[in-house]
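[1] Just the structure for this:
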Amino acid sequence: MERISCRFLRIKPSVMNNIVRGMMLFCFLQMITPSSFGQDKPKPSDFGIKSKKAMKLYLEGLQQAQWRNRLEAIDFFEQAVELEPNFAHAHYQIGVNAYVKKKYSDALDHLEKVDEINSNDFKALDFFLGEAYFFNEQYDKSAVRLQDFLNSGAGRAVDQRKAKRTLRHANFAAEAINHPIKFEAVNMGENINTARDEYLPFLTADDEYILFTSKRPQSVGGFNRSLQDYSEDFFFSEKVDGKWTKAKNLGTPINTVENEGAASVTQDGKMIFFTACNLPNGLGSCDIYFSRREGSKWTRPVNLGPSVNSESWDSQPCLSHDGKTLYFASGRVGGKGGRDIWYSTLIDGKWTDAKNLGAPVNTAGNEDSPFIHADDKTMYFSSDYHPGFGMQDLFVSHRDETETWSLPKNMGYPLNTVADESNIFVSASGKKGYINSDREGGRGMSDLYEFEMAPEVRPRLATYLRGLVVDSLTEKPLYARIQLIDVESGDTIRQVFSGKLDGKFLMSLPLDRDYAAYVETPGYLFTSKNFSLKSSIEAPYFDLLIEMKKLRKDISIVLPNIFFDTGKWDLKETSEVELKFLLKFLRQNPKISVEIQGHTDDVGKVEDNLNLSQKRAEAVAAYLLEQGIEPYRLQAKGYGESQPVAGNITDEDRAQNRRTEIKIIDVKQ
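    Numbering: from 1, shown residues only. Presented below is the predicted three-dimensional model:
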């Protein structure tokens, strides 16, 4: 067929519509009718039919399709095939337009009819049949048809590229569907879901608070006439007695009359990173903002600026659990394909220029919705390019010790389907997942679901630490800093602050490490805790009441992260974290003098235990003296087994009695 150029001059509006309609129809007819028709007006006999009325309906359908009124077009084509059941071209047009409208079952019915009647006049039939088979989950048939289309060399270049991609998906899906994973989605119920859209869930580490995006009448912006839909807003719900409360609008200043969505909240719930679109201070169509919670209110959102945001679309932020890395999706220039996953790191209070996460995660397609798990090693995301079941699928990748991401793994069928599965949240334990889906049986359009994670796609184990910081005497809530430190590496893994009004805090803990936790606030003696999780095979949750002692004479605390080998007094290397924190405390409080106390259990001779405890106390004092603490501020005393805090009956009792303490013996004015 000769190439036809359809371009339009500037014409008076009064005659423009008729000219456009005529030329568009002429161009489209040239593309879809056999070349043997030449320039003559198409006749029923050219299509192997007799009915002039069917021919007229068919041409009107073509015109509606060219204007992208596809449902109207399908109606005309269906009327044509009622008159002429073997009207192959009308069946073909129903199939193509139904495919475009994602009515894949209808598309397949009519395309198979074309294949039965006459496939010779339709060079792209194998392409559309391959696509229709794919979205009807007939992957083997899809692969055959798409391979035939590629072998023929027919069709547009864009269709050839799409066929290659879908063929990869079909070959993968044909095998993967025979090895399904365990997946049973449970609707989160009427207090969360409505007849409208709910998506992009985010939960706190204890799974007691959920924040999600929704389009519902309760949105701040109400009904958006230009979009013919309700504005996107954040809604939240809290779990009370094991049940979710009725979701509420997060309110201003986070929600506005524009669209907001895709949130990531720090583990202490004090800061939110989210996407907002079309705001006056935006750098692109959608930007990433942050806000801090002060009491029960959020501060006015602040744009993260050009180090993170660009002139393009930037969205779907996810903050790592240590608060140091922000992952997000962006369509900016410089990526691997359409949309990629990028990241920025927090250094000295400033976000660095965003970097592309690179291969093998990012591809020539679209990668979206990054979610970094509490283990800091597992990333979940969606992609339409990595081999999958069609549209967007969910994938998982793991980061190794060299900071290299593994080749992404499809999360499997039936979690992934031919529809869009575009985002996931995984609980700290790794046992529960949360997604949104418009699958049948929901309460409306897109609903939120929870499910048990299949073992083969779970992250490493993690848990959470939740607590309340109070004054030991008044029980008044305290604002304090809580640090979680890896005792082997000395790295700070987590840092959060308790609430200024309620004294509460919450943080996640990866399970493959042993931790020292430190709680400090001005005017109080610090508190130290130990969490040995390196050998854990389960995910124990920790709920702590931290009673802080106001600085005064005669108060004492246990130092649980001072370690010695049995019967020895040489400080183990893993004691370094605790020693440095004790050193920091003494330097910050130069008017305080302390007694370092050694204690043992009752195993062995009394004299030996007394001597051992004395030498252990002296070892701690020697470290502090070497670091410059004045001798007059330190006393070392061993108490042996004379001051037990437990019964010396079980191994657990004896472990409590083997301890190092510090006691304040003087506070100079």
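[2] in the stretch 451-600 of the chain, which spans are helices?
    576-588 (DSSP state H, counting those that start in this stretch).
[3] Could you list the low-pLDDT ranges of it?
    Along the stretch 451-600 of the chain, the parts satisfying pLDDT under 70 run over 535-540.
[4] what about the strands in it?
    462-471, 481-486, 492-497, 504-510, 514-520, 524-525, 527-532, 542-550, 556-558, 592-599 (DSSP state E, counting those that start in this stretch).
[5] CSV for those, including distance to Asp109?
    Any C-beta I mention is one placed from the backbone N, CA and C, and that applies to glycine too. What follows is the strands of the stretch 451-600 of the chain, written out as CSV (distance: least, CB to CB, whole Å):
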stretch, distance to Asp109
strand 462-471, 48
strand 481-486, 59
strand 492-497, 56
strand 504-510, 50
strand 514-520, 60
strand 524-525, 74
strand 527-532, 61
strand 542-550, 58
strand 556-558, 74
strand 592-599, 81
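[6] so which of those gets nearest Glu626?
    Counting by CB to CB, Glu626 lies closest to strand 592-599 out of the strands of the stretch 451-600 of the chain; the figure is 13.9 Å.
[7] quick one: low-confidence parts of the stretch 151-300 of the chain?
    Applying pLDDT under 70 to the stretch 151-300 of the chain flags no residue at all.
[8] I'd like to know which of the strands of the stretch 451-600 of the chain is closest to Asp376.
    Across those, closest to Asp376 is strand 504-510 (CB to CB), at 6.0 Å.
[9] got the contact list for the closest one?
    Strand 504-510 is touched from outside by 204-206, 267-269, 321, 374-377, 428, 460-469, 477, 480, 482, 484, 493-494, 496-499, 515, 531, 533, 542, with contacts defined as CB atoms under 8 Å, 6 or more residues apart in numbering.
[10] can we see that at 6 Å?
    205, 267-268, 321, 374-375, 428, 462-468, 482, 494, 496, 498 (CB atoms under 6 Å, 6 or more residues apart in numbering).
[11] same thing with stretch 350-366?
    With contact meaning CB under 6 Å, 6+ apart, stretch 350-366 is reached by 307-308, 335-345, 384-385, 397, 405, 407.
[12] Sort out for me which of the residues you listed are in strands.
    Asp340, Ile341, Trp342, Tyr343, Ser344, Thr345, Ser397 (DSSP state E).
[13] Which among the contacts of strand 504-510 count as buried?
    Using 16 or more other CB atoms under 10 Å as the burial test, the contacts of strand 504-510 include 205, 267-268, 321, 374-375, 428, 462-468, 482, 494, 496, 498 as buried.
[14] Give the buried subset of the contacts of stretch 350-366 as a PyMOL selection command.
    Buried subset of the contacts of stretch 350-366, written as a PyMOL selection, criterion 16+ other CB under 10 Å:
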select buried, resi 308+335+336+339+340+341+342+343+344+384+385+397+405
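[15] Make sure Ala262 is indeed in a strand.
    Yes - with DSSP: H, G, I helix; E, B strand; the rest coil as the criterion, Ala262 is part of a strand.
[16] right, and it touches Asp314 too?
    No - counting by CB atoms under 6 Å, Asp314 is not a contact partner of Ala262; they are 10.4 Å apart.
[17] Mind checking the strands of the stretch 451-600 of the chain for the one nearest to Glu294?
    With CB to CB as the criterion, Glu294 lies closest to strand 492-497 of the strands of the stretch 451-600 of the chain, at 11.8 Å.
[18] Contact partners for Glu238?
    By CB under 6 Å, 6+ apart, Glu238 lies in contact with Tyr209, Thr245.
[19] can we see that at 8 Å?
    Neighbour list for Glu238: Glu208, Tyr209, Ile210, Trp244, Thr245 [criterion: CB under 8 Å, 6+ apart].
[20] Can I have the buried ones of the residues you listed as a ChimeraX selection?
    In ChimeraX syntax, the buried subset of the contacts of Glu238 is picked out as below (16+ other CB under 10 Å):
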select :208,209,210,244
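[21] ranges for the helices of the stretch 301-450 of the chain?
    Assigned by DSSP H, counting those that start in this stretch, the helices in the stretch 301-450 of the chain number zero.
[22] Oh, that last question was meant for the stretch 51-200 of the chain, not what I typed.
    For the stretch 51-200 of the chain, the helices defined by DSSP H, counting those that start in this stretch cover 52-66, 70-83, 88-100, 104-117, 125-135, 139-152, 157-176.
[23] Of the strands of the stretch 451-600 of the chain, which is nearest Gly222?
    Closest to Gly222 of those is strand 504-510 (CB to CB; 33.8 Å).
[24] Pull the closest one out as PDB, backbone CA atoms only.
    Taking Å, rounded to 0.1, in the frame of the first residue of the first chain, the C-alpha atoms of strand 504-510 are listed here in PDB:
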ATOM      1  CA  LYS A 504       6.500   6.600  72.800                       C
ATOM      2  CA  PHE A 505       8.900   5.300  70.200                       C
ATOM      3  CA  LEU A 506       8.900   2.500  67.600                       C
ATOM      4  CA  MET A 507      11.600   1.100  65.400                       C
ATOM      5  CA  SER A 508      12.300  -2.100  63.300                       C
ATOM      6  CA  LEU A 509      15.200  -4.500  63.900                       C
ATOM      7  CA  PRO A 510      16.800  -6.900  61.400                       C
END
